[in-house]
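Trainee: All I have is the shape, not the residue letters:
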């Protein structure tokens, strides 16, 4: 199971800043964590990208294809 996140940092005045787009973290076929940026500005859109990546990893491992998208009451189960 992966996660969706937004990177944060402090600017030169010490104010916290966030990236515009979301990042995703997931485990690849070897079990190592991968972090990659998405082009999505919404958390729900980034969760969809994460679900696609996790599906691709499961297919490479020969696993199932039931996915769960979560967050803010927008849960859905996809079966393909």
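Mentor: Arrived safely. Everything quoted here is computed from the prediction, not taken from an experiment. Numbers count the residues shown, from 1 in each chain.

Trainee: Quick check: closest non-adjacent residue to residue 7.
Mentor: Distances taken as Cβ to Cβ, 6 or more residues apart in numbering put residue 19 closest to residue 7, at 4.6 Å, once the chain neighbours are dropped. From N, CA and C alone the C-beta is placed, and that goes for glycine too.

Trainee: and the one you found, how many neighbours?
Mentor: Using other Cβ atoms under 10 Å, residue 19 has 13 neighbouring residues.

Trainee: Was I right to think it contacts residue 6?
Mentor: Yes - using Cβ atoms under 8 Å, residue 19 is in contact with residue 6, at 5.5 Å.

Trainee: What are the phi and psi values at the nearest residue to residue 39 once chain neighbours are set aside?
Mentor: Nearest residue to residue 39, sequence neighbours excluded (Cβ to Cβ, 6+ apart): residue 21, at 6.1 Å. The phi/psi pair for residue 21 (degrees, to the nearest 10) reads phi -100, psi 160.

Trainee: Make 676 the first number, not 1, from now on.
Mentor: From this message on, residue numbering opens at 676, which makes the last subject residue 696.

Trainee: and residue 696, what does it touch?
Mentor: 681, 712, 713, 714, 715, 716, 721 (Cβ atoms under 8 Å, 6 or more residues apart in numbering).

Trainee: likewise residue 682?
Mentor: So residue 682 contacts 693, 694, 698 (Cβ under 8 Å, 6+ apart).

Trainee: Do you have the helices of the chain handy? List them.
Mentor: For the chain, helices defined by DSSP state H occupy the ranges 718-736.

Trainee: shaky segments in it?
Mentor: Within the chain, the stretches with pLDDT under 70 are 738-755.

Trainee: Pop out the phi and psi values for the residue lying farthest from the centre of the chain.
Mentor: Relative to the centre of the chain, the most outlying C-alpha is that of residue 688, 30.2 Å out, by Cα atoms, centre = their mean. The phi/psi pair for residue 688 (degrees, to the nearest 10) reads phi -100, psi 0.

Trainee: Just list the residues touching it, thanks.
Mentor: Counting by Cβ under 8 Å, 6+ apart, residue 688 has no contacts.
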